[in-house]
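>>> Sequence and predicted structure are below.
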Amino acid sequence: MTRAHPRELGVLAALLLLIAGTAAANPRFLSAQSVRDLLLSAAILTVLAAGQTVVVLTRNIDLSVGSVLGLAAFGTADLLATHPGTPLPLAALAGITIGALCGALNGALISYGGVPALVITLGTLYVLRGAAHSWAAGRQINAADLPRPFLDLGTATVLGIPLLALLATAVVLAVALWLHSYRSGRELYAIGSEPAAAARAGVPAGRRIRTAFLLSGSLAGLAGVLYAARYGTVDATAGQGMELQVVAAVVVGGVAIFGGSGSVTGAALGALLLTCIGSSLAVLRVDPFWQQAVVGALILAAIGLDRLLTTRLAARAARTAPEVSRAG
Amino acid sequence: MPAEPPSGRGAAVLRRWDSALIATLLLVTLAAALAVDGFATGRNAQFLLLDAVAIGLVALPVTLIVVTGEIDLSVASTLGLCSAVMGQLWVSGWPLELVVLTAVALGALLGAVNGLFVTGFGLPALAVTIGTLAAYRGLAFVVLGDRAVADFPRAWTDAVGGTALAGAVPAAMLVTAVAAAGCAVLLHATPLGRSLFAIGNNAEAARFSGIAVARTKFWLFVSCGAVSGLAGVFWTLRYASARADNGQGLELAVVAAVLLGGVSIFGGRGTLAGVCAGVLLLVTLRNALQLADVPADTLDIVTGSLLILSVLAPRALTALRRTPTTRT
């Protein structure tokens, strides 16, 4: 995977075009405040997309991330509101642990049950959201209930760059390094592109898939902590419907929905593009109701484009090396 | 009288699943009648059956789609978009007959878009219908925003909530039951139904034996869209309210009911009687819990858990039956 990634360059080009176009129409789009807001929103989506990438690479999907985020965000906020003295790292760890437990549950059900991730995580999407509702019981935790230093994390900047964005970047780099340079990370690609061959090559598919879901859950937990720090106001509906944006970001970023190909940097670019579209719609005074329709259209466009490219490449490969392709 | 079963062993397991399901349904109904105040009243039975109409209607074409090994997650968004368009057209002064026809036709068109992406471009139905889930719901909000249209004529709303057979059952339920019977005949007693099982078992083999796989799937998606549109009309008139968020999350209940009914998520296996029992079980359980003052948000835990159980239980049963080699 050391070759240039045309797909990621394509997303990057689309991103730059969008930024240039919106800025030309309304220069306020590039004001420091607006860029900071954009990076903050993108940070949470990026962390979720990094976890989703790992799962999708193995030819699975995690639709429960929005609910995991909600549960972790409420859990963290509730802990800090009721025990204001809790050290912040411990609170963050609590949120991540909630996410990790949810991810471990998903992974165990899927790998031991031998059932499709789509169905299991659609189920846990609702179970975990219901759990958040019955935990919150209609309560809402406000910024005034949370310790000041925690809320400051959500707005803090380092050299002008929001801390959350730096954190998201660190997550992306770490996951990229794992996927790129570690045996266990490489094996995720093998599982996703040809499960039977991966099994014959001795790849422990079940364990790797459980790890992927554990990671996705933990990162959704981390995203929940970031959500609570950024918005301050948390109720049981935090992150509702976010799974669609995450899937869109990953697919738009060039991760194949059938596994085996794609990169976490692509997914991060996809998350950035999606967030940019959201804010440029707002800046251009387009009805905000269009945003979800655009998300859906982007998913369709991205999988359609991928399909087109794959058939093109396959046709070219068949032309240049007919014997090899026929032998396969 | 079921048609020749595809394989003796599988059919036996399915029959057992169906009977277990019907026994559970009777047990749940009995327990609710004894333990929950107000459950065993004629009024509540009417409500319960009316609640089952939308899920039951949409579950019919979804069953056929899942039997062919595909899935449609966009049904609830199609319902919502048709409802929103219905409200908008009614406000702009169209006659209601024409509005209803347009809504159903729109549903068919939305289904055709799904079908075109899946069969025409060869894209995975899961990814396509997650995309259209977002896109159609987004368009519903574009059409109607957060407004609600409520001034539908009393004659129509009363007719939709009215009863038939001397007040014994809601008229809409009677229509649904007739549709279910029709679907059962289609699936279990016609060559078309057998070809759906053939496609689900092995699409390639089905194609070679002369079944028009792509065309069949395309029309299944079209009819699924049309039925979802019809369910949107029912929903709008029943609650006398056209809103963009009508039916949000209903796809979970539909998929849960279908899988609970014993239809294999991998395609090729299932009965319509099982699906009907699945729909009734789901609706009865929710109704009884609601009467027992369980909050609506928490009820999603029940639906989600049922979905997870419905895919895990058959696997667990098969595993249990395989360990002791009692039969050869």
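The structure has been received and is ready for your questions. Numbering: from 1, shown residues only, chains lettered A, B, ... in the order given.

>>> Run through the strands of chain A in chain order.
A:157-158, A:161-162 (DSSP state E).

>>> List the strands paired with the first one, with their directions.
Based on DSSP bridges, the strands next to strand A:157-158 in the sheet, each with its direction, are strand A:161-162 (antiparallel).

>>> can you list contacts of the partner strand?
A:36, A:39-40, A:43, A:155-156 (C-beta atoms under 8 Å, 6 or more residues apart in numbering or on different chains). C-beta here means a position set from N, CA and C on the backbone, and glycine is covered the same way.

>>> Please list all residues in contact with the closest residue to A:Leu128 other than its chain neighbours.
Of all residues not flanking A:Leu128 in the chain, A:Ser67 sits nearest, at 3.8 Å (C-beta to C-beta, 6 or more residues apart in numbering or on different chains). By C-beta under 8 Å, 6+ apart, the contact set of A:Ser67 is A:102, A:124-129, A:132, A:239-240, A:243.

>>> Make JSON lines from those residues and add pLDDT and distance to B:Val222 to it.
Output for the contacts of A:Ser67, formatted as JSON lines (pLDDT from 0 to 100; distance: C-beta to C-beta, whole Å):
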{"residue": "A:Cys102", "pLDDT": "96", "distance to B:Val222": "38"}
{"residue": "A:Thr124", "pLDDT": "94", "distance to B:Val222": "32"}
{"residue": "A:Leu125", "pLDDT": "93", "distance to B:Val222": "28"}
{"residue": "A:Tyr126", "pLDDT": "90", "distance to B:Val222": "28"}
{"residue": "A:Val127", "pLDDT": "94", "distance to B:Val222": "33"}
{"residue": "A:Leu128", "pLDDT": "94", "distance to B:Val222": "35"}
{"residue": "A:Arg129", "pLDDT": "92", "distance to B:Val222": "32"}
{"residue": "A:Ala132", "pLDDT": "93", "distance to B:Val222": "38"}
{"residue": "A:Gly239", "pLDDT": "88", "distance to B:Val222": "34"}
{"residue": "A:Gln240", "pLDDT": "87", "distance to B:Val222": "31"}
{"residue": "A:Glu243", "pLDDT": "88", "distance to B:Val222": "27"}
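
>>> Which parts of the stretch 201-328 of chain A are helices?
For the stretch 201-328 of chain A, helices defined by DSSP state H, counting those that start in this stretch occupy the ranges A:205-231, A:242-252, A:264-283, A:290-320, A:322-327.

>>> Kindly report the same for the stretch 201-328 of chain B.
With DSSP H, counting those that start in this stretch as the criterion, the stretch 201-328 of chain B has helices spanning B:203-208, B:213-238, B:250-260, B:272-291, B:296-322.

>>> Kindly report the residues of the stretch 1-150 of chain B close to chain A.
Residues of the stretch 1-150 of chain B lying close to chain A (C-beta under 8 Å from any C-beta of the partner chain) are B:71, B:117, B:121-124, B:126-128, B:130-139, B:141-142, B:145.

>>> In PyMOL, select just the buried ones from those.
Listed next is the PyMOL selection for buried residues among the residues of the stretch 1-150 of chain B next to chain A, using 16 or more other C-beta atoms under 10 Å in any protein chain shown:
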select buried, chain B and resi 71+117+123+124+126+127+128+130+131+132+133+134+135+136+137+138+139+141+142
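
>>> Now, the residues of the stretch 1-150 of chain B next to chain A that are in helices?
Under the assignment DSSP state H, the residues of the stretch 1-150 of chain B next to chain A contribute B:126-128, B:130-139, B:141-142 to helices.

>>> what's around the residue nearest to A:Ser193 when sequence neighbours are not counted, how many residues?
Once flanking residues are discounted, A:Ser193 sits nearest to A:Gly260: 2.9 Å by C-beta to C-beta, 6+ apart. Residues lying near A:Gly260 (other C-beta atoms under 10 Å in any protein chain shown) number 19.

>>> Can you list phi and psi of A:Gly260 for me?
Per-residue torsions, A:Gly260: phi 80, psi -10 (degrees, to the nearest 10).

>>> Could you list the low-pLDDT ranges of the chain?
Picked chain A for this. A:1-5, A:321-328 (pLDDT under 70).

>>> That was the other one, I meant chain B.
Applying pLDDT under 70 to chain B picks out residues B:1-11, B:13, B:323-328.

>>> Nearest the middle, which residue of it would you pick?
B:Ala59 (1.7 Å; C-alpha atoms, centre = their mean).

>>> Surely that one and B:Ala277 touch.
No: using C-beta atoms under 8 Å, B:Ala59 makes no contact with B:Ala277, being 11.1 Å away.

>>> what residues do those two have in common as contacts?
B:Gly261.

>>> Only the buried subset of the contacts of A:Ser67, as a PyMOL command please.
Restricted to buried positions by 16+ other C-beta under 10 Å, the PyMOL selection for the contacts of A:Ser67 reads:
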select buried, chain A and resi 102+124+125+126+127+128+129+132+239+243
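
>>> Let me know the closest of the contacts of A:Ser67 to A:Glu8.
A:Glu243 (22.8 Å; C-beta to C-beta).

>>> Skipping its backbone neighbours, what lies nearest that closest one in space?
Once flanking residues are discounted, A:Glu243 sits nearest to A:Gly66: 4.3 Å by C-beta to C-beta, 6+ apart.

>>> Can you tell me how far the residue nearest the centre of chain A is from chain B?
Centroid check for chain A by C-alpha atoms, centre = their mean gives A:Ala49 as the closest residue, at 1.5 Å. Per C-beta to the nearest C-beta, to the nearest Å, A:Ala49 is found 15 Å from chain B.
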